[in-house]
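Asker: Here is a sequence together with a model predicted from it:
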Amino acid sequence: MQTWIKIGLLSDIPRLGSRTIETEQGQVAVFRTSDDEVFAMFNRCPHKGGPLSEGIVSGRVVACPLHNWVIDLATGEATAPDKGCTRTVPSRLVDGAVWLELKAGRQVSHG
Amino acid sequence: MNAHSRQKLIVIGNGMAGMRTVEELLARAPVRYDITVFGAEPHPNYNRIMLSSVLAGEKTIDDIVINSREWYEANGITLHTGDPVTGIDPATKTVRSASGLVVPYDALLLSTGSKPLMPPLPGLELPGVVAFRDIADTDAMLEAAAKKQRAVVIGGGLLGLEAAWGLKRRGMPVALVHLMPTLMERQLDVEAAKLLQKDLTERGLHFFTSGQTEEIMGADRAEGIKLTDGREIPAELVVVAIGIRPNVDLAKAAGLEVNRGIVVGDDMATSDPSIYAVGECVEHRGQIFGLVAPLWEQAKVCAARMAGDDQAIYVTPALSTRLKITGIDVFSAGQLVAQDEADEELVYRDSARGIYKKLVLRADKVVGAVMYGDVEDGAWYFQLMRDKADIAAIRDRMIFGQVYADVSCKGKGGIDVAAMADDVQVCGCNGVSKGAIVTAIKAKGLTSLDEVKAHTKAGSSCGQCASVVQAILAHTTGEVVEAKAAGLCGCTDLGHDDVRREIVSQEMKTMAAVRAKLGWRTQDGCAKCRPALNYYLLCAWPAEYVDHGQSRFINERVHANIQKDGTYSVVPRMWGGLTTAAELRAIADVADKFNIPTVKVTGGQRIDLFGVKKEQLPAVWADLNKAGMVSGHAYAKGLRTVKTCVGSEWCRFGTQDSTALGVKLEKLMWGSWTPHKVKLAVSGCPRNCAEATIKDIGIICVEAGYDISVGGNGGIELRGTDHLVRVATEDEVLEYAAAFMQIYREEAHYLERTAPWVERVGMDYVTARVVEDAAGRKAAAARFLFSQKYAQIDPWAERVEGMDAHEFQSLAEVL
């Protein structure tokens, strides 16, 4: 069952940067743009599984640190001409707190 | 535009130049004109050049048709074949044809070609005498051949030789009479011409050089020819192929300006602005034309003009010649022989194999080429000639061909991509073959190097093959694609140098200011320009600029090297490659404590710990710090390592204490950020055990002091260092090295190693700045030291203290 879970504060994530969340389905990367938008997706580049959380964020894209594929933060899709898609995770920003819609966990611990 | 408002274009002459012009015009302005074509011959448009191949039985007439009647229909062109135009009236803008048609025009194109040049010989009118110009002539020759008659060809130029060979191939005994002492004297020098004559004689042709024809003998048909020296050559077929002259009859009758040919300007218009002319019938700046290359160029310019482009200008291209006789390879272009003392000739001669090559050079440029027997490199020499390329660097081996010339000049002399097989791997990084690149270019209509990189990945990693990819692109699209000056990225049109200059001159000290003032198209920049701007600002304002971690590649952001599985590797600094038992013990303890799976000695004389998880990094660093070790910056676009040999302290050959000097250099330079990684080495003697000659800065100790050389690279593209200077003391080594480093830091493009930078700016420039300008050197070294005050802080210790803690912890666990 999917539920909305509060995973931290916007201020925990550096602008143009990212933090990671450990989940049962795998690591999720949460990105913050320069306009304070928040996006989340599973932390694996569709190309060779590179950790997208370590990439450089600009506009609404992140460049994978391994081979520079550019992934759209909103859709999880690789930008042309590369083809591939990373599963996104619905996210929400409420009063400075970041919420993700994830499979319900038994516990949430904040690092 | 509807059909009624179209202008009327009449083309007189259904040959190669005229129809090429029509094709070009249709491509540019498909609906501008209603086109009517008149051709004197009863055939559709065909490739006249290939008549020799038809004669030789290698091709049929059908093979050489360029545009079928269906093509004319499909393009809405009215074609009148076998109906020559007999008159033009520029006053009423009409033409009249032999069949009585009177057709009006708005624009007229004359492409009436040429006529065979016929000498005023008695007997020229006899049956059995033909020229070699059109299908009818070819048919007449084939008919004679079928009767096993004998032939004599008058004229030893390109056309005459091809005619003679074609007839010989058809089984006729053939003699060839040539006025000059050697064949093809306009295209070949004496030596090549003699080789040609020898080969053709062996193939059964009989030559009468320096032979002037007096008359064609025969009563009611040709029976042979008689030379002025009295010799007689019996033949039933006489082919006159001494040359061509522009067909100007119509133009002259119409009152157009005519000299040897129909006079046209650079716009291909005749003296009547609504009448254009192209091809063998024209005379441009005193020159008339018999080869096909300039005709294509004329067609292009003429079509552009007719389509309304008033900028198009015709310039006669450089010309090259090939002889179409199967098995005989001849190539010539430009000047055939040295004309004065400023010209030089390079000659290669292999008489046993019948190979002769000659290049004529002037001021280190190719101005002519004559080749016989092996013409494989003709196109390459011709390219060098047209490009006016400076060949000084390949002069000593270029005569052996491109393959040899390119051995140490890869990508500079140009690579023969046409000869490259489809399965040749072009991009070694991404495993992309030539065939894959060509397929992508064709299928996706790619037109720029960036697009090819994006779609195929070729050239997108290390970039070494980019020049080959560029060449394949040019070859595939058939266009010369100019490599654009490398812009920084898609966010701006400015190049690296522009941006660096403006940062300093406008005193911009934040990335946001740079992007705003220099008109960036993106708010945040991109993954390409952000690291570059971050570096440029850091280099320009070392005391003031605050480093922006989110604009650094992950390795520099977390001060470790990311690996393919997302773990990191950790390399502690070992000054000059020196270590101690205590350090090694500490490293061993770290490896045990953190279950480090792989420990490896690096090429730069350091120890690399692989497989460290990101969250473990601060703890690993803390332990290494405790043992006195700091970051080795093995991840940085900055000083990596100074590799040393043991030098005079232990080695029986050592001349100086290379190890101690290496330590001093590393202490001087560690922590500095640079456009790309920088590696140094110090060898204690010229045996060079530290391999200093493939480093960014290499020091080789000698008895008299220290040889400093720069710009080496042992990586993707091997490059030996260039010698910079020999100095006497260690202090001088440090000063020169610091100055070189600082000038590289300030002037190279981001991600440009010293090797390509030195090649780009030239060693003369580097020497002028670092060696000759003593004050400038000291100032640059001082700037480097100033910058180092802010750079030499161990990033590991900072992070052990808690800096950037968010990098090393996950935000939450949802389990």
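Answerer: Ah, there it is. Residues are numbered from 1 along each chain as shown, chains lettered A, B, ... in the order given.
Asker: Please, where are all the strands along chain A?
Answerer: Taking DSSP state E to define them, one finds strands in chain A at A:2-9, A:17-23, A:26-32, A:38-42, A:56-58, A:61-63, A:70-72, A:88-89, A:91-94, A:97-103, A:108-110.
Asker: residue with max distance from the center of chain B?
Answerer: In chain B, the residue that sits farthest from the middle, by Cα atoms, centre = their mean, is residue B:219; the gap is 60.4 Å.
Asker: Mind telling me which residue of the stretch 301-450 of chain B is nearest chain A?
Answerer: In the stretch 301-450 of chain B, no residue comes nearer to chain A than residue B:444, which is 8.1 Å away by Cβ to the nearest Cβ. Glycine gets a C-beta too; all of them are placed from N, C-alpha and C.
Asker: check contacts around that residue.
Answerer: B:451, B:455 (Cβ atoms under 8 Å, 6 or more residues apart in numbering or on different chains).
Asker: repeat that with 10 Å
Answerer: Residues counted as contacts of residue B:444 (Cβ atoms under 10 Å, 6 or more residues apart in numbering or on different chains) are A:81, B:451, B:452, B:454, B:455, B:456.
Asker: Hmm, residue B:442 and the last one touching each other?
Answerer: No. Between residue B:456 and residue B:442 there is no contact under Cβ atoms under 10 Å: 11.9 Å.
Asker: Between the two, point out the one with more neighbours.
Answerer: The residue with more neighbours, out of residue B:456 and residue B:442, is residue B:456; 24 against 11, by other Cβ atoms under 10 Å in any protein chain shown.
Asker: before we move on, back to that, do you know how far the residue farthest from the centre of chain B is from residue B:131?
Answerer: Separation of residue B:219 from residue B:131 (Cβ to Cβ, to the nearest Å): 22 Å.
Asker: likewise residue B:77?
Answerer: Residue B:77 sits 29 Å away from residue B:131, going by Cβ to Cβ.
Asker: With residue B:437 instead?
Answerer: 47 Å.
Asker: Those two: which has the busier surroundings?
Answerer: Neighbours per residue (other Cβ under 10 Å) separate residue B:437 from residue B:131, with residue B:437 holding more: 27 against 20.
Asker: and residue B:87, which of the three is it?
Answerer: strand (DSSP: H, G, I helix; E, B strand; the rest coil).
Asker: Pretty sure it sits against residue B:101.
Answerer: No. Counting by Cβ under 10 Å, residue B:87 stays clear of residue B:101, with 11.2 Å between them.
Asker: Can you pull the poorly scored residue ranges out of chain A?
Answerer: In the predicted model of chain A, residues A:104-111 satisfy pLDDT under 70.
Asker: Around chain A, which positions in the stretch 301-450 of chain B sit nearby?
Answerer: Proximity of the stretch 301-450 of chain B to chain A (Cβ under 10 Å from any Cβ of the partner chain) is limited to residues B:429, B:430, B:440, B:444, B:446.
Asker: what residues are up against residue 23?
Answerer: Defaulting to chain A. Residue A:23 neighbours (Cβ under 10 Å, 6+ apart): A:5, A:7, A:42-43, A:89, A:100, A:102-103, A:105, B:812-815.
Asker: wrong one, chain B
Answerer: B:45, B:66, B:67, B:71, B:75, B:299, B:300, B:303.
Asker: can you pull the pLDDT of it?
Answerer: Looking at residue B:23, its pLDDT is 91.
Asker: and whichever residue of the stretch 101-250 of chain B sits closest to chain A, helix, strand or coil?
Answerer: Nearest residue of the stretch 101-250 of chain B to chain A: residue B:109, at 43.5 Å (Cβ to the nearest Cβ). Secondary structure for residue B:109, judged by three-state DSSP, is strand.
Asker: Surely it is in contact with residue B:278?
Answerer: Yes. Residue B:109 is in contact with residue B:278 according to Cβ under 10 Å; the separation is 6.9 Å.
Asker: The nearest residue to residue B:342 once chain neighbours are set aside: neighbour count?
Answerer: Leaving aside its chain neighbours, residue B:342 sits nearest to residue B:362 (5.8 Å; criterion: Cβ to Cβ, 6 or more residues apart in numbering or on different chains). Here the number of neighbours of residue B:362 (other Cβ under 10 Å) works out to 16.
Asker: swap in the one 10 residues further on?
Answerer: A count of neighbours around residue B:372, defined by other Cβ under 10 Å, yields 26.
Asker: from what I can see residue A:72 touches residue A:62, true?
Answerer: Yes. At 8.6 Å, residue A:72 and residue A:62 qualify as touching, with contact defined as Cβ under 10 Å.
Asker: which one of these two has more residues nearby?
Answerer: More crowded of residue A:72 and residue A:62, by other Cβ under 10 Å: residue A:62, with 29 against 18.
Asker: Show the residue spans covered by the strands in the stretch 401-550 of chain B.
Answerer: Using DSSP state E, counting those that start in this stretch, the strands assigned to the stretch 401-550 of chain B run over residues B:425-427, B:432-433, B:487-489, B:492-495.
Asker: Going by mean pLDDT, which of the ones you listed comes out lowest?
Answerer: strand B:425-427 (a mean of 77).
Asker: partners of that one, with directions?
Answerer: strand B:432-433 (antiparallel) (DSSP bridges).
Asker: For residue A:7, which residues are in contact?
Answerer: Taking Cβ under 10 Å, 6+ apart, one finds A:19, A:21, A:23, A:28, A:30, A:40, A:89, A:91, A:97-100, A:102, A:108, A:110, B:810-814 in contact with residue A:7.
Asker: The same query, at a cut-off of 6 Å, please.
Answerer: Residue A:7 sits next to A:21, A:98, A:100, B:812 when contact means Cβ atoms under 6 Å, 6 or more residues apart in numbering or on different chains.
Asker: Can you tell me which of these has the most neighbours?
Answerer: Ranking the contacts of residue A:7 using other Cβ under 10 Å puts residue A:21 first, with 27 neighbours.
Asker: Roughly how far does it sit from residue B:814?
Answerer: 6 Å.
Asker: Same check on residue B:355?
Answerer: For residue B:355 relative to residue B:814 (Cβ to Cβ), the value is 77 Å.
Asker: Name the residue in these two with the higher neighbour count.
Answerer: Set residue B:355 next to residue B:814 and count neighbours by other Cβ under 10 Å: residue B:814 wins out with 21 against 16.
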